[in-house]
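K.L.:
Attaching a predicted model along with its sequence, questions to come.
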There are 2 protein chains.
Amino acid sequence: MITSGELRPGDPIPSEAELCRRFNSSRSPVRQAVTALRHEGLLSGGQGRRSIVQSRASSQSFTTLLSFTEWCRSIGAVPGQRTLELARRPGEDEVTASFDLEPGSSVVEVLRLRTMDGAPAMLERAVFPPEVGRHLFDFDTDTGSIYEHLTGQGVELYRAENRIDALGAPDADADQLGVAPGAPLLRVQRRTSDPRGRLLEIADDRYLPDRAAFTVVNTRSGAAGLSRFPTTDRTAS
Amino acid sequence: MITSGELRPGDPIPSEAELCRRFNSSRSPVRQAVTALRHEGLLSGGQGRRSIVQSRASSQSFTTLLSFTEWCRSIGAVPGQRTLELARRPGEDEVTASFDLEPGSSVVEVLRLRTMDGAPAMLERAVFPPEVGRHLFDFDTDTGSIYEHLTGQGVELYRAENRIDALGAPDADADQLGVAPGAPLLRVQRRTSDPRGRLLEIADDRYLPDRAAFTVVNTRSGAAGLSRFPTTDRTAS
């Protein structure tokens, strides 16, 4: 009802009894749905107050956020990629430890320049453990979405922890992205895991700020999606 | 149980029947709580599968995210602020329109340099409509949290839409923050509203990337907290 525009921002939602009738449902699923919408920030109120519809700015699907290819398609842009490196090599200790691998184990690393409508937009670095990364050697990483390919191979991408910050472009990145060294980049560092909590990917995406930004809604009643944290070593100061 | 560590990442949660017994509750609130935790990304599974506890990285409270002062305290840092400007002046058309005010109406603008442990961390710009901003003229903005003060005055900060991107520091910002012009800054543009959807604040916070970053968790089953969007004018290309 919110998505279709039948309910608009500022409107109170129908009573629980009305929702039960309308969706031919018992109270428990209706309450769960209302709780979920409140946590998404699409409804305010609760605790006895009638819920009010908030802005329709709905969040993207998990796949659209994860996949640059799918995201570009969703906004009508033409996604592109140039693979700069696809390598199997011993992972750094921190990486193998994250993947629960023996020190010195090989991992699969991908570095791609991502384009929107032919222009550079993002530098994509991703590291995969061997049982995930092996699927990339029978896939042409110049042709499209790694996530689509992995999902087709039965890899279950389920949960992503995103850390967002800014950095000045290192020389090599600046060169690939066509900006001056030190130019501001928007960075998303991501750890993607499966439904059982096993880490499947460590990624580092660096965007040109004039190509993409991110939004997140937080509400007092809902699960705050966004957290701020310090980047300086607090113990040293 | 997750927060206390009784349930750890990878553990299945108790059955619904066990949770009902333990919390002396009926099924409906237990289901709502599990749905909410799943949407927060703290539980995976569902749809018939037993829910598994995900990483304990829990999200911050709404207030801790909103208030730089409270955030600093939560991480053991000393928050500080120097008010560079507090002004009442006619708002730009876009601003007065957002606040549903007549064109040319006055708004209240605050510009503060925020410090952590005495060192510059963030430049904070905020614009308030008159009925909110008037509370700032009987408050010493050099002494602490504007949000704490506003909340004490009965202003209900309920929902925040955050837009996160990066930019090169303009000369004036660079000067205040003590970095070179063009140095990368992490920017959060925020629109904060009350439970009835009325806009209370338009803010623009610019962080030194070596002082703060942001995290957000997305899951396939939950409400994706984070959305990516294009910053170029898609209609022009």
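P.N.:
It's in.

K.L.:
Can you get me a residue count around the closest residue to A:Q189 other than its chain neighbours?
P.N.:
Leaving out its chain neighbours, the residue that sits closest to A:Q189 by Cβ to Cβ, 6 or more residues apart in numbering or on different chains is A:R163, at 4.4 Å. (C-beta placed from N, C-alpha, C; glycine too.) Per other Cβ atoms under 10 Å in any protein chain shown, the neighbour tally for A:R163 reads 17.

K.L.:
Am I right that A:R163 falls within a helix?
P.N.:
No: assessed with DSSP: H, G, I helix; E, B strand; the rest coil, A:R163 is strand; it does not lie in a helix.

K.L.:
What confidence value was assigned to it?
P.N.:
Predicted confidence (pLDDT) at A:R163: the value is 90.

K.L.:
Wait, it touches B:V217, no?
P.N.:
No: using Cβ atoms under 8 Å, A:R163 is not in contact with B:V217; the gap is 10.3 Å.

K.L.:
give me the low-pLDDT residue ranges for chain A?
P.N.:
Within chain A, the stretches with pLDDT under 70 are A:3, A:39-41, A:45-49, A:55-60, A:221-225, A:229-237.

K.L.:
Domain boundaries for it, per the record?
P.N.:
Segmentation of chain A into domains, based on automatic domain parsing, reads A:1-59, A:62-207.

K.L.:
tell me the most buried of those?
P.N.:
Mean neighbour count (mean count of other Cβ atoms under 10 Å in any protein chain shown) peaks for domain A:62-207 among the domains of chain A, with a mean of 18.

K.L.:
Leaving out chain neighbours, which residue sits closest to A:L113?
P.N.:
A:L113's closest residue in space is A:R82 (Cβ to Cβ, 6+ apart), at 4.7 Å.

K.L.:
list the contacts for that neighbour?
P.N.:
By Cβ atoms under 8 Å, 6 or more residues apart in numbering or on different chains, the contact set of A:R82 is A:R112, A:L113, A:T115, A:D142.

K.L.:
Figure out the helix or strand that the nearest residue to the last one once chain neighbours are set aside lives in.
P.N.:
Meaning A:D142. Leaving out its chain neighbours, the residue that sits closest to A:D142 by Cβ to Cβ, 6+ apart is A:T83, at 5.2 Å. Per DSSP states H and E: A:T83 is located in strand A:79-90.

K.L.:
Give the pairing partners of that strand; include direction for each.
P.N.:
Its sheet considered, strand A:79-90 pairs with strand A:106-116 (antiparallel) by DSSP bridges.

K.L.:
and stretch A:24-38, anywhere near chain B?
P.N.:
Yes: Stretch A:24-38 comes into contact with chain B (Cβ under 8 Å from any Cβ of the partner chain), by way of A:R27, A:S28, A:R31, A:Q32, A:T35, A:A36.

K.L.:
and the longest helix for chain A?
P.N.:
helix A:27-39 (DSSP state H).

K.L.:
With only the CA atoms kept, save that helix in CSV.
P.N.:
Extracted C-alpha coordinates of helix A:27-39, given in CSV (Å, rounded to 0.1, in the frame of the first residue of the first chain):
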residue,chain,number,x,y,z
ARG,A,27,-3.0,-10.7,14.0
SER,A,28,0.4,-12.1,14.4
PRO,A,29,1.7,-11.8,10.8
VAL,A,30,0.1,-8.3,10.6
ARG,A,31,1.9,-7.2,13.8
GLN,A,32,5.2,-8.7,12.4
ALA,A,33,4.8,-6.8,9.2
VAL,A,34,4.1,-3.5,11.0
THR,A,35,7.1,-4.0,13.3
ALA,A,36,9.3,-4.7,10.2
LEU,A,37,8.1,-1.6,8.4
ARG,A,38,8.7,0.5,11.6
HIS,A,39,12.2,-0.9,11.7
